[in-house]
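A.B. asks: Predicted model and sequence follow; I will ask about them next.
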Amino acid sequence: MKLVDAKDVAVHFPIKGGVIFDKTVGYVYAVDGMDLQIEEGETYGLVGESGCGKSTFGRALLWLDEPTGGSVTIDGDDLATLSKESLRRKRKDMQMVFQDPLSSLDPRQTVESLLLEGMAAHGLAKDKKAANTRLRELLAAVGLPPQALSKYPHEFSGGQRQRVGIARALSVDPKLIVADEPVSALDVSVQAQVINLLEDLQEQFGLTYLVISHDLAVVRHISDRVGVMYLGALVEEAHADDLYAAPLHPYTRALMSAVPVPDPTAEDTRERLLLTGDLPSPANPPSGCRFHTRCPWKQATRCDTERPQLRSVSIDGIPETHRVACHFAEGIFDGSLTEHEVEAVAVDPAATGTPDEGDLFQHGSISEL
Ligand SMILES: Nc1ncnc2c1ncn2[C@@H]1O[C@H](COP(=O)(O)OP(=O)(O)OP(=O)(O)O)[C@@H](O)[C@H]1O
């Protein structure tokens, strides 16, 4: 059964200008036409460069950034149609795990108070004895000792703090968890432990996950299906193994070719596809296919004028579930379309912003699990 059904979701943030910043002078098209479905019990991994709109989409799914267009249906309820009270109750079913638990957990609260707070908001702490039992069960589930209840967030290591963040999300017995870069603030040695914990909890509690990450290795390890996002929308979607075996979109191919091979002494026969040019500003996205300014296979004039929709392709061995938003995916795949040099495009650096740490292309920070 479908738990998440997002259709044509848009989140456009107004850019304020004028003398006293009271006028809307433009929009940041952070999310622009996202279609995404997640089955109950599934893990969907969302990847893409920093600034492509992953977090904003995750927040829009949970109605934390209210979409400016499209619809989000969770477990049969169209969130836009819910009353304030119904939406408040619905929040029990959909929780978020953040990248940096230290900034998402109130430093003045003990773990006990942090966990009880969420439970109380949904009427799950009325019976003190039952709530106490539940607190201990939650800690055991995330691998923390009962003594952790009286401690403050700063008294834990990064990995333990993320366990507290996960326990807090779990405390209200949710169906869906959106995990936004859940391990990227952690040491590589701890990352695998937290990923394994998320997998165990999914099995134990029947959870559905949207995992947002810039790290292709993390996403590959944990996801059933993967969506690749570029400038506010999906450019490719497939079962994880299918995507990694045969990336079809030029952007996905570039992402994959940036990943170091696990064994550096082994001969690396993959094609190298380096992305040229900066990520265009989401305040001024390119017309047509949003990737055309960086695409070595761009064809005039279809790519600059017609925005491609996600579609299945007719390529032998590529399943119907593998969809790509590229007019020329078949020609690129079979080599009948030749590559050309990508002209450097002048991008206004002020509008583009500085890539964050962890940006795949800046740091190549892919960890192997
Ligand atoms: N509240 C906001 N107001 C205006 N612009 C915003 C707001 N939140 C995000 N943006 C912009 O929307 C775009 C998408 O941001 P978002 O954080 O969703 O991307 P991301 O892919 O999650 O990147 P990162 O991994 O760096 O968080 C960026 O250009 C960002 O600057």
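C.D. replies: Received, thanks.
A.B. asks: got the contact list for the closest residue in space to residue 149 that isn't next to it in sequence?
C.D. replies: Sequence neighbours aside, residue 112 is the residue nearest to residue 149 in space, at 4.1 Å (criterion: C-beta to C-beta, 6 or more residues apart in numbering). For the C-beta atoms, the positions are set from N, CA and C on the backbone; glycine is no exception. Contact analysis of residue 112 by C-beta atoms under 8 Å, 6 or more residues apart in numbering lists 135, 149, 150.
A.B. asks: do that again at 10 Å, thanks
C.D. replies: Remark: with contacts taken as C-beta atoms under 10 Å, 6 or more residues apart in numbering, residue 112 is in contact with 131, 132, 135, 139, 148, 149, 150, 151.
A.B. asks: what's it sitting at in phi/psi?
C.D. replies: phi -60, psi -50 (degrees, to the nearest 10).
A.B. asks: Same check on residue 298?
C.D. replies: Torsion angles, degrees, to the nearest 10, at residue 298: phi -60, psi 130.
A.B. asks: what about the residue nearest to residue 205 when sequence neighbours are not counted, how many neighbours?
C.D. replies: The shortest distance from residue 205 to any non-neighbouring residue, by C-beta to C-beta, 6+ apart, is to residue 170 (6.9 Å). Residue 170 has 23 neighbours, counted by other C-beta atoms under 10 Å.
A.B. asks: Now do the same for the residue lying farthest from the centre of the chain: its pLDDT.
C.D. replies: Centroid-distance maximum for the chain: residue 129 at 37.5 Å, with C-alpha atoms, centre = their mean. Listed pLDDT for residue 129 reads 93.
A.B. asks: repeat for residue 341
C.D. replies: 77.
A.B. asks: so it touches residue 296, yeah?
C.D. replies: Yes. Contact criterion C-beta atoms under 10 Å: residue 341 and residue 296 qualify, at 7.3 Å.
A.B. asks: what's the offset of stretch 89-100 from the middle of its chain?
C.D. replies: Distance, stretch centre to chain centre, for stretch 89-100: 14 Å (C-alpha atoms, centre = their mean, to the nearest Å).
A.B. asks: Sorry, wrong one. I was asking about stretch 220-233.
C.D. replies: Using C-alpha atoms, centre = their mean, the offset of stretch 220-233 from its chain centre is 7 Å.
A.B. asks: Quote the end-to-end distance of it.
C.D. replies: 20 Å (C-alpha to C-alpha, to the nearest Å).
A.B. asks: before we move on, back to that, hmm, which of the contacts of residue 112 are the buried ones?
C.D. replies: 131, 135, 139, 148, 149, 151 (16 or more other C-beta atoms under 10 Å).
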